[in-house]
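# Take this sequence and fold it.
(chains A, B, C and D)
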Protein chains: 2
Amino acid sequence: MATRTDPLTLEVVELIGAVVARYHEEYDRAAAEHSLTGAQARVLGLLSLEPLPMRKIAVRLKCEPSNVTGIIDRLETRGLVERRPDPADRRVKLAAATETGRRTARELRDALDFAREPLAGLSDAERAVLRDLLRRMLGEGAEGPV
Amino acid sequence: MATRTDPLTLEVVELIGAVVARYHEEYDRAAAEHSLTGAQARVLGLLSLEPLPMRKIAVRLKCEPSNVTGIIDRLETRGLVERRPDPADRRVKLAAATETGRRTARELRDALDFAREPLAGLSDAERAVLRDLLRRMLGEGAEGPV
DNA sequence: TGAATATTTCATGATGTCAAGCAAATCGGT
DNA sequence: ACCGATTTGCTTGACATCATGAAATATTCA
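Numbers count the residues shown, from 1 in each chain, chains lettered A, B, ... in the order given. As a prediction, the model looks like this:
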């Protein structure tokens, strides 16, 4: 069994650190091209799929709801998102991407090279192996993707 | 060849997103146990290996040097880091971890379960495969680890 | 009615950028 | 070798974003 100090494990951990760094670089770069911050791009991506109450956005982002207020404020100011009342519960405000917001989110997804470029060098079989290893690494506790 | 929309590639990208999220959770949690922010923990980790000029810390963090000033200020206030003059160049200030800082950095590394826990389920052979796939994913452009 | 929920506001702090400033090193022309 | 101009390293200040926590408000639920 591997201890945490064996060279192979250490190298894998280093590589994962490099993947994390690379992921953020790409994400922030793509966001910046649309004058968005990473957090704004992430929320816009969520809302481009479906409107969400503020509270649920906070859960997805793992942050306080009061924080989400500001992020949505800034997206709303730029016309990418709008607040709608929830007909079922008047306490709730649904944040929804506008048409412009959905377009921006699509462009952002397309610009995110992290998906294609680094994986392009791997064959289908290798990608399948990678998928299985990552799945097992993340274990059962990892339901929802980002 | 895989397009960016084939289901396998998409799942791998999702899994990588999950790994990134998990990595940060673990890192920030470990840092918070020592009342450190993620950025502070990262800098302290760097400085526990060797003293660095402010400028080089900024390069490692990919941020402006003026930002590093504040981070080092806060670490210095808590006695984890000290500024020393560089004998070779009097413009330069070397940030160095104090004895307390090195101890904190060591405890932090030990508390970082991301290294052991998720990888513990993989055999040596599987870890080797994972290493090779990650290496190829990152390509040649990925010299320095985090 | 009273407790719980959803959102916002306010205060505060960490992190990030950029522009401006100072001190020290380096360069180029004489 | 000298001296002025530029460059380099760091800090400061102003400002925006992101994050937390406490308090206020409105609405729902028991």
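# same for the helix or strand bottoming out on mean pLDDT in chain A, what does it pack against?
Least confident helix or strand, chain A: helix A:117-120 with a mean of 72, by mean pLDDT, DSSP states H and E. Using 3 or more CB pairs under 8 Å, 6 or more residues apart in numbering or on different chains; DSSP states H and E as the contact test, the elements touching helix A:117-120 are helix B:7-33, helix B:124-138. Where you see a C-beta, it was placed from the backbone N, CA and C, and this is true even at glycine.
# For that helix, buried residues please.
Buried residues in helix A:117-120, defined by neighbour count with 16 or more other CB atoms under 10 Å in any protein chain shown: A:118-119.
# With stretch A:127-141 instead?
A:127, A:129-131, A:133-134, A:137-138.
# likewise stretch A:96-106?
A:96-98, A:101-102, A:104-105.
# Specify the stretch among the helices and strands packed on helix A:117-120 that is closest to DNA strand D.
For the helices and strands packed on helix A:117-120, the distance to DNA strand D is smallest for helix B:7-33, at 9.2 Å, taking CB to the nearest atom of the strand.
# quick check, that closest one touching DNA strand C?
No - Helix B:7-33 lies out of reach of DNA strand C by CB under 7 Å from any atom of the strand, never closer than 8.7 Å.
# so how far is whatever helix or strand comes next after that helix off the chain centroid?
Later in the chain than helix B:7-33, the nearest helix or strand by DSSP states H and E is helix B:38-49. Offset of helix B:38-49 from its chain centre (CA atoms, centre = their mean, to the nearest Å): 7 Å.
# Tell me if the helix or strand just after helix B:38-49 is near DNA strand C.
As assigned by DSSP H and E, the chain's next helix or strand after helix B:38-49 is strand B:52-53. No - Strand B:52-53 is not in contact with DNA strand C by CB under 7 Å from any atom of the strand; minimum separation 12.3 Å.
# and after strand B:52-53, which helix or strand comes next?
Next along the chain from strand B:52-53, counting by DSSP H and E, comes helix B:54-61.
# residues of that next one that come out buried?
B:54, B:56-58, B:61.
# so who does the residue nearest to A:Val43 when sequence neighbours are not counted touch?
Nearest non-adjacent residue to A:Val43, counting by CB to CB, 6 or more residues apart in numbering or on different chains: A:Ile71, 5.6 Å away. Residues near A:Ile71 by CB atoms under 8 Å, 6 or more residues apart in numbering or on different chains: A:39-40, A:43.
# With distance to DNA strand D, pLDDT and neighbour count as extra columns, can I get these in a markdown table?
Shown next, in a markdown table, are these (distance: CB to the nearest atom of the strand, whole Å; pLDDT from 0 to 100; neighbours: other CB atoms under 10 Å in any protein chain shown):
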| residue | distance to DNA strand D | pLDDT | neighbour count |
| --- | --- | --- | --- |
| A:Ala39 | 3 | 98 | 17 |
| A:Gln40 | 5 | 98 | 20 |
| A:Val43 | 8 | 98 | 27 |
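# Confirm A:Glu82 sits in a helix?
No - assigned with DSSP: H, G, I helix; E, B strand; the rest coil, A:Glu82 falls outside any helix and is strand.
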